[in-house]
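J.: need a 3D model of the sequence below.
(one chain, ligands or ions: 2)
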Amino acid sequence: MQAILALDQGTTSSRAIVYDSHGGVLGAAQQGFEQHFPQPGWVEHDPGEIWQSQLAVAIQAVERAGLSRGDISALGLTNQRETTLLWDRQTGEPLHRAIVWQDRRTARLCEELRRDGQERLFRERTGLLLDPYFSGTKLRWLLDNIPGARRRAEAGELAFGTVDSWLIWQLTAGRLHVTDASNASRTLLCNIHEVEWDPELLAALDIPAAVLPEIIDSSGVCGTTACEGLPHGIPIAGVAGDQQAALYGQGCQEAGLAKCTYGTGAFLLMHTGDKPIPSANRLLTTVAWRIDGRTDYALEGSVFIAGAVVQWLRDGLGLIRSSDEIEALARQVPDTGGVYLVPAFAGLGAPHWDPDARGILVGMTRGTERPHIARAALESVAFQATEVIGAMEIDAGMAVKQLRVDGGASTNNLLMQFQADLLGAPVARPADTEATAAGAAALAARGVGLNGSSPARDEHLTRFDPQLSRYEVEQRMGVWHRAVARAGGWAREED
Ligand SMILES: Nc1ncnc2c1ncn2[C@@H]1O[C@H](COP(=O)(O)OP(=O)(O)O)[C@@H](O)[C@H]1O
Ligand SMILES: O=P(O)(O)OC[C@H](O)CO
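T.: Ligands and ions are numbered 1, 2, ... in the order given. Sure thing, here's the model as predicted:
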């Protein structure tokens, strides 16, 4: 038996899946954990809970797979990206709760850096924007706000890491302080051309180099497990941020291939080969992975609210009882009757990057009923993704010929059909929509030289082919843009 254990540490839950050498699932487990919101716009996780939940599901998944000690050939790790931790190198104790990627507390600092004219430097070196989303300003906040932290960081007593670093530290019982190239590329501290920490960026953010982890390849053995609860000596052989892992798991390993993961948010990535392509349309240029020293790059656009709009209809409005009810409700009508929902509940991400946009529902008449709103909510997910893909195609100078999809909301056939309609290209969904964990497993398998263990994703694809005319698509996109314009800047105008 040559099994691979994949750990997928996400924003709202930790998952573990054990795969056999053909990509078949032998055992899986999942556990949610608490979200802390200490102030409006702040989001934190307890580092101990991140680790304990991840360890618990790893143990469960191995048990469910019925494996014995020596059966696990490698461990692959993938994680929510950008979330920032700081801990004591001696004791392993975190100095603060993890500051989550969604946390907006450093918005003012980002604005100040922009006003100082720093955005260009960061954009050119990191491929990112000066937005609180990324780790660099979160780390700066920790160093500025925890008494004594800066001095201790300068003295080399503290370790900074994203969630991959934290979990590898735990898995290896404090022996390794590393991060993979894809996670490093999300910190605002890494020069993505060289894939090295950049002294000028560190100086601009006032971060001492002594806190940083070593940057490693995304595939290849970096260490072995030495923690309580798991068999010791399992090679840790694949590490990548969750969206990059999904890109790999979806088989998007050459230029022009793109995937969209429809979870809470929607994350679109297009592989662009071994050169970073700068974006003229406010997308991110990011490291896809580094393997055997070769770095592959991607263009990325993040939509903040995707499946979360369905959660809102369920929990906020009580329009449906479970997420999967939305499809039947939306199918009760042939169209939205002119209703558009812009779910800018947390501002708008790519390509707008408007933190002050707010959600709107427009176009209602006396004939508007629940199914129209349900349908408009689903359509909003596809409209947002289509805007990002449009920007990507211009930046990359090539059309997306097929979009690979995964994540919880990709199981919605109505949504996937509308996505294909707007895109004017086929949408392809694998039978297993857990592409993130599958990607981590595939990177780990490759890292220990196993060939057959990459999941055979091509075999069971469900295809959605476009059915709307280009005229209709342009007309619908035009109205969508009008709706987005009305949502834009809303909170700012209110102030
Ligand atoms: N049938 C469905 N139609 C639309 N959205 C769905 C459906 N099933 C689940 N979702 C949405 O998918 C999201 C969960 O997907 P998942 O990939 O587990 O997300 P994450 O990894 O971000 O937690 C939720 O926001 C949920 O509302
Ligand atoms: O944990 P997820 O699946 O919501 O993904 C979070 C992203 O990595 C944030 O950039």
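J.: show me where the stretch 251-400 of the chain has its helices.
T.: With DSSP state H, counting those that start in this stretch as the criterion, the stretch 251-400 of the chain has helices at 307-311, 325-330, 370-396.
J.: could I get the ones you listed as a markdown table with mean pLDDT, distance to Ala28 and mean neighbour count?
T.: (C-beta placed from N, C-alpha, C; glycine too.) Compiled in a markdown table, the helices of the stretch 251-400 of the chain are given as follows (pLDDT from 0 to 100; distance: least, CB to CB, whole Å; neighbours: other CB atoms under 10 Å):
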| stretch | mean pLDDT | distance to Ala28 | mean neighbour count |
| --- | --- | --- | --- |
| helix 307-311 | 94 | 20 | 22 |
| helix 325-330 | 98 | 24 | 19 |
| helix 370-396 | 96 | 26 | 23 |
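J.: could I get these as a markdown table with distance to Ala29?
T.: Below are the helices of the stretch 251-400 of the chain laid out as a markdown table (distance: least, CB to CB, whole Å):
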| stretch | distance to Ala29 |
| --- | --- |
| helix 307-311 | 21 |
| helix 325-330 | 26 |
| helix 370-396 | 28 |
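J.: for Tyr248, find the nearest of those.
T.: helix 370-396 (18.0 Å; CB to CB).
J.: any idea how far the helix or strand that that closest one is followed by is from the chain center?
T.: Past helix 370-396, further along toward the C-terminus, the next helix or strand under DSSP states H and E is strand 403-406. In this view, strand 403-406 has its centroid 14 Å away from the chain centroid, taken as CA atoms, centre = their mean, to the nearest Å.
J.: what residues does strand 403-406 touch?
T.: 246, 249-252, 257-262, 389, 416, 419-420, 423, 425-430, 433-436 (CB atoms under 8 Å, 6 or more residues apart in numbering).
J.: change it to 7 Å
T.: Contact partners of strand 403-406, identified using CB atoms under 7 Å, 6 or more residues apart in numbering, comprise 246, 250, 252, 258-262, 416, 423, 425, 427-430, 433, 435.
J.: tell me which of those residues fall in strands.
T.: The members of the contacts of strand 403-406 that map onto strands under DSSP state E are 258-262, 427-429.
J.: so Thr187 is in contact with Ser135, correct?
T.: Yes: in this structure, Thr187 is within contact of Ser135 by CB atoms under 7 Å, at 4.1 Å.
J.: spit out the contact partners of Arg97.
T.: Arg97 is in contact with 36, 44-47, counting by CB under 7 Å, 6+ apart.
J.: what is the neighbour count of Glu111?
T.: Applying other CB atoms under 10 Å, we find 12 other residues in the vicinity of Glu111.
J.: how does this structure divide into domains?
T.: The chain breaks down into these domains under automatic domain parsing: 3-242, 251-429+465-495.
J.: the longest one: end-to-end distance?
T.: Start and end residues of domain 3-242 are separated by 21 Å (CA to CA, to the nearest Å).
J.: and the average pLDDT for that domain is what?
T.: The average pLDDT for domain 3-242 rounds to 95.
J.: identify, from the contacts of Arg97, the entry nearest to Val303.
T.: His45 (21.9 Å).
J.: just to be sure, Leu143 is in a helix?
T.: Yes: inclusion of Leu143 in a helix is indicated when DSSP: H, G, I helix; E, B strand; the rest coil is applied.
J.: report the contact partners of it.
T.: Residues in contact with Leu143 (CB under 7 Å, 6+ apart) are 149-150, 153.
J.: what do you get for Gly220?
T.: 237, 447.
J.: so Ala210: helix, strand or coil?
T.: Of the three states, Ala210 takes helix under three-state DSSP.
J.: okay, now it: neighbour count?
T.: 15.
J.: these two touch, right, it and Gly156?
T.: Yes: Ala210 is within contact range of Gly156, at 4.2 Å (criterion: CB under 7 Å).
J.: now do the shared contacts for those two.
T.: Residues touching both Ala210 and Gly156 by CB under 7 Å, 6+ apart: none at all.
J.: contacting residues for the residue nearest to Leu422 when sequence neighbours are not counted?
T.: Closest residue in space to Leu422, ignoring its immediate chain neighbours: Thr386 at 4.3 Å, by CB to CB, 6 or more residues apart in numbering. Counting by CB under 7 Å, 6+ apart, Thr386 touches 422-423, 477.
J.: let's see 8 Å
T.: 419, 422-423, 477.
J.: where does the stretch 301-450 of the chain get nearest to ligand 1, which residue?
T.: Gly408 (2.1 Å; CB to the nearest ligand atom).
J.: for that residue, give me the pLDDT.
T.: 91.
J.: and Pro355, by the same measure?
T.: At Pro355, the model reports a pLDDT of 76.
J.: who's in contact with the closest residue in space to it that isn't next to it in sequence?
T.: Of all residues not flanking Pro355 in the chain, Gly347 sits nearest, at 3.9 Å (CB to CB, 6+ apart). By CB under 8 Å, 6+ apart, the residues touching Gly347 are 304, 354-358, 491.
J.: neighbour-wise, which of those leads?
T.: For these, the largest number of neighbours (other CB under 10 Å) sits with Ala357, at 26 neighbours.
J.: residues in contact with the spatially closest residue to that one that is not a sequence neighbour?
T.: Using CB to CB, 6+ apart and skipping the chain neighbours, the partner closest in space to Ala357 is Ala344 (3.8 Å). With contacts taken as CB under 8 Å, 6+ apart, Ala344 has the following neighbours: 305, 354, 357-360, 484, 487, 490.
J.: also near ligand 1: which of those residues, exactly?
T.: Residues of the contacts of Ala344 in contact with ligand 1 (CB under 6 Å from any ligand atom): none.
J.: can I get these in TSV including distance to ligand 2?
T.: Output for the contacts of Ala344, formatted as TSV (distance: CB to the nearest ligand atom, whole Å):
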residue	distance to ligand 2
Ile305	12
Asp354	18
Ala357	19
Arg358	21
Gly359	19
Ile360	24
Val484	22
Ala487	22
Trp490	24
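J.: show me what counts as buried in stretch 39-52.
T.: Judged by neighbour count using 16 or more other CB atoms under 10 Å, the buried positions of stretch 39-52 are 43-47, 49-52.
J.: do stretch 244-261 as well
T.: So, applying 16+ other CB under 10 Å, buried residues of stretch 244-261: 244-252, 255-261.
J.: cool, stretch 404-422 as well?
T.: Those would be 404-412, 414-422, for stretch 404-422 by 16+ other CB under 10 Å.
J.: wait, Ala391 touches Pro351, no?
T.: Yes: between Ala391 and Pro351 there is a contact under CB atoms under 8 Å: 4.5 Å.
J.: overlap in contacts of these two?
T.: Taking CB under 8 Å, 6+ apart as the contact rule, the neighbours common to Ala391 and Pro351 are 281-283, 301.
J.: next to ligand 2, which bits of this protein? Give me the list.
T.: Where the chain comes near ligand 2, counting by CB under 6 Å from any ligand atom, the residues are 10-11, 80-82, 101, 241-243, 263-264.
J.: go with 5 Å
T.: Within the chain, the positions near ligand 2 by CB under 5 Å from any ligand atom are 10-11, 80-81, 101, 242, 263-264.
J.: ok, Ile360 to Val303 distance?
T.: The spacing between Ile360 and Val303, counted by CB to CB, to the nearest Å, is 16 Å.
J.: for those two, indicate the residue with more neighbours.
T.: Counted by other CB under 10 Å, Ile360 and Val303 do not tie: Val303 has more neighbours, with 25 against 17.
J.: now Asp20: how far from ligand 1?
T.: To ligand 1, Asp20 is 23 Å away according to CB to the nearest ligand atom, to the nearest Å.
J.: so that residue sits against Ala3, correct?
T.: Yes: the criterion here is CB under 8 Å, and Asp20 meets it with Ala3 at 5.9 Å.
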